[in-house]
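Visitor: could you work out the structure for the sequence below:
(one chain, ligands or ions: 1)
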Amino acid sequence: MKEYEMIIGLEVHVELKTKTKIFCNCATSFGAAPNTHTCPVCMGLPGTLPVLNRKVVEYAVKAGLALNCKIANFSKHDRKNYFYPDLPKAYQISQFDMPLCKQGYLDIETELGSKRIGITRIHIEEDAGKLIHDDVYGTMIDCNRCGVPLIEIVSEPDIRSASEAKAYLQKLRAILLYTGISDCKMNEGAFRCDVNLSVREKGTEKLGTRTEIKNLNSFQFVVKAIEYEYNRHLKAIENGETIIQETRRFDVNSGKTYSMRNKESANDYRYFPDPDLPPIELSDEEIEEIKHTIPELPDERKRKYTNEYELSAYISEKIVSDIDMANYFEQAVKFSKYPQILSNLIIGDISRLNTADIFTCPISANNIGELSNLIGDGIINTSIAKKLIMRMWEEDINPVQVVENEDLKQINDRAFLDSIALEVIKNSERLVSDYRGGKLQAMKALMGQAMGKTSGKANPVIMEELLKSRIKELTE
Ligand SMILES: [Zn+2]
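Guide: Here you go, the predicted model:
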């Protein structure tokens with residue numbers, strides 16, 4: 001059997017949070033009535049001239065610096081010609097051979113350790129409008145999004161799995177959110193991703209034919225699209241079929257990708273320098289000035305978490321990769337004597353309860369901090385903690401009070417627990433003999449009974465130790 005690997009590069013489009021559009025004074029805000037945020041410039045009417053919004057350059061440079069890029073002192077705009085009804089001008093102003101930022105990287109944590117993903121380039125461009133397909137009226141256009149500023153962030157083909165792609169996107173989104181240049185709302189299309197994927201035999205250099213999946217706007221869809229597309233490539237290779245280089249779309253309902261257009265009919269963009277806009281010139285001093293406005297980034301927080309709180313690199317990365325989760329952790333850790341237990345609660349139980357793409361938690365920082373103390377101090381055991389956290393998710397109750405009122409404290413009294421152990425052993429001859437016969441799982445059942453007899457409150461470590469030693473006595 002031959003072994004294969006996937007080669008993935010990602011292109012991410014991010015809408016910048018400027019008040020006005022990239023080349024005119026129209027508002028960028030989302031959700032306005034169709035075509036109310038438009039003017040002759042962003043409608044592409046003849047005789048109009050674009051004027052570059054300086055803030056766009058500042059924000060793009062900020063992104064570049066936060067992603068360890070080299071910032072060009074000189075870059076320019078190019079026209080990308082394409083004919084599609086979502087862009088009235090019939091060309092998009094973008095950057096072709098001289099992008100604003102180049103040669104950056106970001107680091108992700110994988111299960112095998114830290115991995116660096118290269119960033120080829122970041123360039124600025126304008127967004128297109130939105131087509132609305134309607135059964136009655138046919139296809140309509142909303143030009144509010146025409147000219148909303150975008151940066152496109154192109155990664156090197158360094159990604160080798162769906163989970164690495166997800167980690168890269170989460171880290172990228174986190175960094176951009178920390179810098180404040182975009183709200184990265186995925187459901188509003190402010191952070192969307194194109195996946196370039198090919199498959200090759202492991203250990204070989206030659207890349208397979210690449211396909212591109214367009215416009216994915218959730219981490220989950222990216223993972224599903226990659227898994228589907230990888231298997232599609234594998235099947236084609238096994239059956240001796242040729243993969244066609246083409247653009248595909250991911251269908252959310254079927255979980256499959258479908259062909260949109262192939263290379264033969266692909267657009268010939270015929271880039272050329274935009275004659276209406278002067279080049280972008282930036283002095284080293286100006287770049288340095290922008291650098292000073294960048295706040296604490298995920299990697300700096302991560303260092304703080306590993307040094308001050310002694311969290312592992314993997315857990316720290318998980319927390320900082322979501323600015324809301326990181327802020328929540330920093331609030332809660334003020335109330336916690338046990339940052340490690342707290343971090344496990346947040347990335348474990350709370351993340352499981354939170355089904356949204358973005359971290360939200362209805363439990364207040366002091367309550368979750370106090371829960372970590374109850375666990376760390378040995379006042380409650382983990383099974384009671386798990387039950388409590390479910391209740392706290394439903395209603396923001398104070399765990400200290402609940403433990404007090406409902407008498408949920410862990411039972412550490414050895415004499416009492418020993419009496420329970422003896423009782424369980426007496427009533428479960430079969431399980432005891434199974435266990436003595438080498439069936440180690442029988443201990444789980446015995447523990448289940450013992451814990452049940454204390455309403456789940458026994459200290460499980462002491463309980464198991466007592467059960468084992470009492471059974472051992474029987475054998476001797
Ligand atoms: Zn406009």
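Visitor: residue 174 against residue 322, yeah?
Guide: Yes. Using CB atoms under 8 Å, residue 174 makes contact with residue 322 at a distance of 6.2 Å. Heads up, the C-betas are built off the backbone N, CA and C, glycines and all.
Visitor: doesn't residue 87 fall inside a strand?
Guide: No. Going by DSSP: H, G, I helix; E, B strand; the rest coil, the assignment for residue 87 is coil, not a strand.
Visitor: give me the neighbour count for it.
Guide: Number of residues near residue 87 (other CB atoms under 10 Å) recorded here: 21.
Visitor: contact partners for it?
Guide: By CB atoms under 8 Å, 6 or more residues apart in numbering, residue 87 lies in contact with 44, 128-129, 146.
Visitor: likewise residue 49?
Guide: Going by CB under 8 Å, 6+ apart, residue 49 touches 41, 276.
Visitor: likewise residue 174?
Guide: By CB under 8 Å, 6+ apart, the contact set of residue 174 is 298, 320-323, 326.
Visitor: distance to the ion and neighbour count for these - can I get that in JSON lines?
Guide: As requested, the contacts of residue 174 are exported to JSON lines (distance: CB to the ion, whole Å; neighbours: other CB atoms under 10 Å):
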{"residue": "298", "distance to the ion": "35", "neighbour count": "24"}
{"residue": "320", "distance to the ion": "37", "neighbour count": "27"}
{"residue": "321", "distance to the ion": "36", "neighbour count": "23"}
{"residue": "322", "distance to the ion": "34", "neighbour count": "23"}
{"residue": "323", "distance to the ion": "31", "neighbour count": "21"}
{"residue": "326", "distance to the ion": "36", "neighbour count": "24"}
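Visitor: quick revisit: by neighbour count, which of the contacts of residue 87 wins?
Guide: For these, neighbours were counted by other CB under 10 Å; the highest total belongs to residue 146, with 30 neighbours.
Visitor: that one contacts residue 131, correct?
Guide: No. Between residue 146 and residue 131 there is no contact under CB under 8 Å: 11.7 Å.
Visitor: need the residues touching each of these two.
Guide: Jointly contacting residue 146 and residue 131 under the rule CB under 8 Å, 6+ apart are residue 86.
Visitor: contacting residues around the helix or strand in which residue 327 is found?
Guide: Taking DSSP states H and E as the criterion, residue 327 maps to helix 323-333. In this structure, residues lying in contact with helix 323-333 by CB under 8 Å, 6+ apart are 174, 177-178, 298, 301, 305, 309, 318-320, 339, 342-343, 346-347, 351, 358-361, 365-366, 368-369, 372.
Visitor: mind doing that once more with 7 Å?
Guide: With contact meaning CB atoms under 7 Å, 6 or more residues apart in numbering, helix 323-333 is reached by 174, 177-178, 301, 309, 319-320, 339, 342-343, 346, 358-361, 365, 368-369.
Visitor: take the residues you listed and keep only those in strands.
Guide: Nothing among these maps onto strands, per DSSP state E.
Visitor: phi, psi of whatever residue of the stretch 101-250 of the chain ends up closest to the ion?
Guide: Relative to the ion, the nearest point of the stretch 101-250 of the chain is residue 147 (5.6 Å; CB to the ion). Phi and psi for residue 147, reported as degrees, to the nearest 10, are phi 90, psi 10.
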